[in-house]
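Student: just coords:
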């Protein structure tokens, strides 16, 4: 039954995620090399200056200088965009930290234009904390246990994050309520990922397997992860991104959890990339939107 569910779900995914944003038409011509009307810019980069600008010898020479290149990517940009500074990220975890690992790997391979500079956890021996230490990422324990002599307040946490020059905070399975002091210190800069399609199945007590059991028991036909901004309550901040996962008739909570987690890893890395590339804009009514990387006029 698990094999049948996996096969059927995969076919559904192909229909959900087959729609792609079209690339710039100039470069999409490289995708059909077998057709005579499609020309590769990489192999046909030398154009006739007379055909381009027959009326201006000077302009023709300038164009030729630009087009004498090895590939289309070498053409000069008359209006280069300002470089975006790499962003510093703080990740909060309470468990294994698989989303944390996914984001960290994306920063290392260049998919995310940022760096994980510190990890915050309420469980110093959790898998996420161990991975951070192995990766030489500083680990902060917050909140500390009540029986520990040295206290570490919310204000101390804010000051510590500022000392790391943190730009954005990403919650990746952090089960504690974020202190008000932190929310106010980082407005519109804290994100959380939740394993259901909010606002359904959110709030206090809805975490981990509790969410997936509730989804199946409700008879909901779809679930999936939600990334939202963090406010002073559980799971009530503005929704930024979601991915849909079909709930099959014979799904168990464990099967559904595995599929949702798979989508979480993809979605969170994509959102982290958009965040670091400053592609998130706010609509007039307060709804955050993500601009497409290929075309700023399109939204994801």
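Tutor: Happy to help now that I have it. None of the values given here were measured: they were computed from a predicted structure. Residues are numbered from 1 along each chain as shown.
Student: what stretches of the stretch 101-250 of the chain score poorly on pLDDT?
Tutor: 146-149 (pLDDT under 70).
Student: Do a quick rundown of the helices in it.
Tutor: 127-134, 154-163, 180-185, 209-218 (DSSP state H, counting those that start in this stretch).
Student: Report all helices and strands that the shortest one contacts.
Tutor: Spelled out, that is helix 180-185. Here helix 180-185 touches helix 154-163, going by 3 or more CB pairs under 8 Å, 6 or more residues apart in numbering; DSSP states H and E. Glycine gets a C-beta too; all of them are placed from N, C-alpha and C.
Student: for the protein, what's the longest helix?
Tutor: The longest helix of the chain (DSSP state H) is helix 253-276.
Student: Pull the contacting residues for residue 151.
Tutor: residue 144 (CB atoms under 8 Å, 6 or more residues apart in numbering).
Student: So what pairs up with residue 241 in the strands?
Tutor: Listed beta-bridge partners, residue 241: residue 227 (assigned using DSSP bridges).
Student: That one: neighbouring residues, count only.
Tutor: Residues lying near residue 241 (other CB atoms under 10 Å) number 20.
Student: That one against residue 271, yeah?
Tutor: Yes: counting by CB atoms under 8 Å, residue 241 touches residue 271, with 5.2 Å between them.
Student: Overlap in contacts, those two.
Tutor: 227, 290.
Student: So residue 91 belongs to a helix, correct?
Tutor: No: counting by DSSP: H, G, I helix; E, B strand; the rest coil, residue 91 is not part of a helix but strand.
Student: for the longest helix of the chain, what is the average pLDDT?
Tutor: Over the span of helix 253-276, the pLDDT mean works out to 97.
Student: Buried ones in the helix or strand following that helix, by neighbour count?
Tutor: Reading on from helix 253-276 to the C-terminus, the next helix or strand found by DSSP states H and E is strand 280-282. Within strand 280-282, the residues scored as buried using 16 or more other CB atoms under 10 Å are residue 280.
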